[in-house]
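[1] need a structure here:
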Amino acid sequence: MDAINRRNAMRIGGILGAVGAFAATGPARAEPWSWSPDGSVAGSGAGADPMTVWDPEADALVADLIDRGEVPAVNELLRTWRTNGQPLPAGLPTDLRDFMEYARRLPQWTDPGKLDAAIQFNKKRGLYLGVLYGFASGMMSTVIPKEAKAVYYSKGGHDLKDRITKTAKLGYDIGNANAYAADGEMIVTCVKTRLVHAAVRHLLPQSPHWVNSAQEDIPISQNDIMVTWHSLPTTVMKHLTAWNVPIPEHESAGFLHSWQVAAHLLGVRDEYIPNSWPAADAQAAQVLDPVIAVTPEGVKLADRLLGLGANIDFALLSKPVLGAFTRFLLGDTIADGLAIPREPVWDPLLRLSWGPFIAVREGLLAAVPPLGDPYWLLDEFLRKAALIYLAELRMPISIEIPTMNRDMTQPHR
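    Numbering: from 1, shown residues only. As a prediction, this is how the structure comes out:
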């Protein structure tokens, strides 16, 4: 490890100089970056605006792999690397192997007790998590302009179902009891995703379609990763809290910790990873809430996302029902902006029945009302959505480094 650090020190220093140059001409915030690193897992930091920070070590490495034409062979080898404790496959380029051995290590501040508590949280709240990851977090990605454009114009925008399935793998893996154990897959998923991010940062600036629509020179900054991060655990916890779902404090802290570890493995600097839910909420108020907006790319992605269940023989996963859940979770302003039609049956059903339904499921009502059709429909939706979610992930899913952007002349899938 000392060897790789010494060897890369001068190289990284040069790249950081380039990062500084980009920062001078990069997009400005509506307000200056003010979130304090005192609220991070590191407890301190330089305080640099994460919008001007990327992942220099991974970026230089993957750019070299692409330019050397080695990515297809690397992808073939990495298809065999599936579990956290599994040795890296033989034959990887030395620079990639050194980086991955370093990148796969859990941070020193990892707390096994908190990860155990996260397992209990995920077991109890699995049905809710499936729906929230899909319709709160997943659909929110279409109204995060930078993310929507990066997805739409990258290779993932062509075959959206494949891209979403691979993204969903992150939520699936982190919810497993063995997520970070030797036989789990979360570390592998994070490291591979980090490599994919680096490839997109190299490739998208070569796309004239993205260049003509983007506000930044380089996609997927540390800020952008944390925006997406907040669309997952922070958004999920806000909804569970609003629904009055009772969560023991140690399980809440464990759920947060599992995502803190994930952020570190995705290449986020520790000084940007919140150390508590109040710190996460404060950061989200600065990086996520102000950027929510509808774009033409986001509208197209949302329509395609809602249509992914069209081939599923289950009426509760039809496009109108999925649209109603999106409207319920993200609100009328976002749903109207995404051109999601109002549903005369499901919209009022969700508004009026969801609160009592949650209360019944959680045993919060002293006198349980008769469980009529609305409750059955909602419960069945939760179960079927979770079943489909898991079924999509039963096949081997290979997260692979792209070598090209989306071909805009080809019809999407």
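[2] Show the low-confidence segments of the stretch 51-200 of the chain, by residue range.
    Within the stretch 51-200 of the chain, the segments meeting pLDDT under 70 span 154-167.
[3] check which helix or strand covers V268.
    Using DSSP states H and E, V268 maps to neither a helix nor a strand.
[4] And for N178?
    Going by DSSP H and E, N178 is not part of any helix or strand.
[5] Just confirm it contacts A118, I think it does.
    No. Look at N178 against A118 with CB atoms under 8 Å: they stay out of range, at 11.7 Å. Backbone N, C-alpha and C define where each C-beta goes, glycine included.
[6] Looking at the two, which is more packed in?
    Legend: neighbour count by other CB atoms under 10 Å for N178 and A118, higher for A118 (27 against 14).
[7] contacting residues for that one?
    A179, E251, G254, F255, H257, S258 (CB atoms under 8 Å, 6 or more residues apart in numbering).
[8] what about it, which SS state?
    Local secondary structure at A118 is given as helix here, using DSSP: H, G, I helix; E, B strand; the rest coil.
[9] quick one: it from S353, how far?
    From A118 across to S353, the span is 30 Å (CB to CB, to the nearest Å).
[10] now A103
    From A103 to S353 the distance is 46 Å (CB to CB).
[11] List the residues that contact A198.
    Contacts of A198 by CB under 8 Å, 6+ apart are D55, A58, D59, L61, V62, A63.
[12] In three-state terms, how would it be classified?
    Once three-state DSSP is applied, A198 turns out helix.
[13] circling back: which one of the contacts of A198 sits closest to G91?
    Nearest to G91 out of those is L61 (CB to CB; 16.6 Å).
[14] which two in the contacts of A118 are spaced the farthest apart?
    Longest span within the contacts of A118, CB to CB: A179 and E251, 14.7 Å.
[15] What are the boundaries of the helices in the stretch 51-200 of the chain?
    For the stretch 51-200 of the chain, the helices defined by DSSP state H, counting those that start in this stretch occupy 56-67, 71-78, 94-103, 112-131, 139-140, 145-153, 160-174, 186-203.
[16] Can you give me the buried ones in the fourth one?
    Applying a neighbour-count criterion of 16 or more other CB atoms under 10 Å, one finds 114-115, 117-119, 121-122, 124-125, 128-131 buried in helix 112-131.
[17] Next: the second one.
    Neighbour counts using 16+ other CB under 10 Å place V71, V74, N75, L77, L78 of helix 71-78 among the buried residues.
[18] Test my guess that the first one contacts A63.
    Okay, so that is V71. No. V71 lies out of contact with A63 (CB under 8 Å); the separation is 10.6 Å.
[19] about what we covered before: most neighbours of all the contacts of A198, which one?
    Counting by other CB under 10 Å, top hit in those: V62 with 27 neighbours.
[20] Quickly note the distance from the closest residue to that one other than its chain neighbours to K149.
    Leaving aside its sequence neighbours, V62 sits nearest to A198 (CB to CB, 6 or more residues apart in numbering; 3.8 Å). Separation of A198 from K149 (CB to CB) stands at 18 Å.
[21] again, but for R68
    28 Å.
[22] and those two? which has more neighbours close in?
    K149 (24 against 10).
[23] Contact partners for the nearest residue in space to that one that is not next to it in sequence?
    Nearest residue to K149, sequence neighbours excluded (CB to CB, 6+ apart): E297, at 5.1 Å. Contacts of E297 were listed using CB under 8 Å, 6+ apart, and they are A148, K149, V151, Y152, Y153, S213.
[24] I'd say the third one and K300 touch.
    No. Proximity of V151 to K300 does not meet the contact threshold set by CB under 8 Å, at 10.4 Å.
[25] Have a look at the two and say which one is more surrounded.
    Remark: of V151 and K300, V151 carries more neighbours, 23 against 18, as counted by other CB under 10 Å.
[26] Relative to L266, how far out is the more buried one?
    16 Å.
[27] and if you look at P341?
    From P341 to L266 the distance is 36 Å (CB to CB).
[28] Also Q286?
    20 Å.
[29] So which of these two has more stuff around it?
    Neighbour count, other CB under 10 Å: between Q286 and L266, L266 has more, with 23 against 19.
[30] Let's see the pLDDT reported for that one.
    pLDDT recorded at L266 is 97.
[31] Quick check: it touching I225?
    Yes. Using CB under 8 Å, L266 is in contact with I225, at 6.1 Å.
[32] and for those two, which residues touch both?
    Contacts common to L266 and I225, judged by CB under 8 Å, 6+ apart, are H197.
[33] about what we covered before: in TSV: the contacts of E297, plus distance to Y172.
    Shown next, in TSV, are the contacts of E297 (distance: CB to CB, whole Å):
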residue	distance to Y172
A148	23
K149	26
V151	19
Y152	24
Y153	26
S213	31
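[34] what about A42, which helix or strand?
    Short version, using DSSP H and E: A42 is in no helix or strand.
[35] Excluding covalently adjacent residues, which one is nearest to it?
    D270 (3.8 Å).
[36] residue contacts, the one you found?
    Going by CB under 8 Å, 6+ apart, D270 touches S40, V41, A42, G45, P107, W109, H264.
[37] bridging residues for the first one?
    Beta-bridge partners for S40, by DSSP bridges, are P274.
[38] For Q286, which non-adjacent residue is spatially closest?
    Nearest one to Q286, counting by CB to CB, 6+ apart, is W35 at 5.5 Å.
[39] so how far is A284 from that neighbour?
    In this view, W35 and A284 are 10 Å apart by CB to CB.
[40] same question, E251
    Noted for E251: a distance of 20 Å to A284, by CB to CB.
[41] Kindly report the same for Y180.
    24 Å.
[42] same deal with T333?
    Counting by CB to CB - T333 and A284 are separated by 18 Å.
[43] With neighbour numbers in mind, choose between those two.
    A284 (22 against 12).
[44] For the more buried one, give me its contacts.
    H230, T234.
[45] Before we move on, what's the pLDDT of H209?
    pLDDT recorded at H209 is 77.
[46] swap in L316?
    62.
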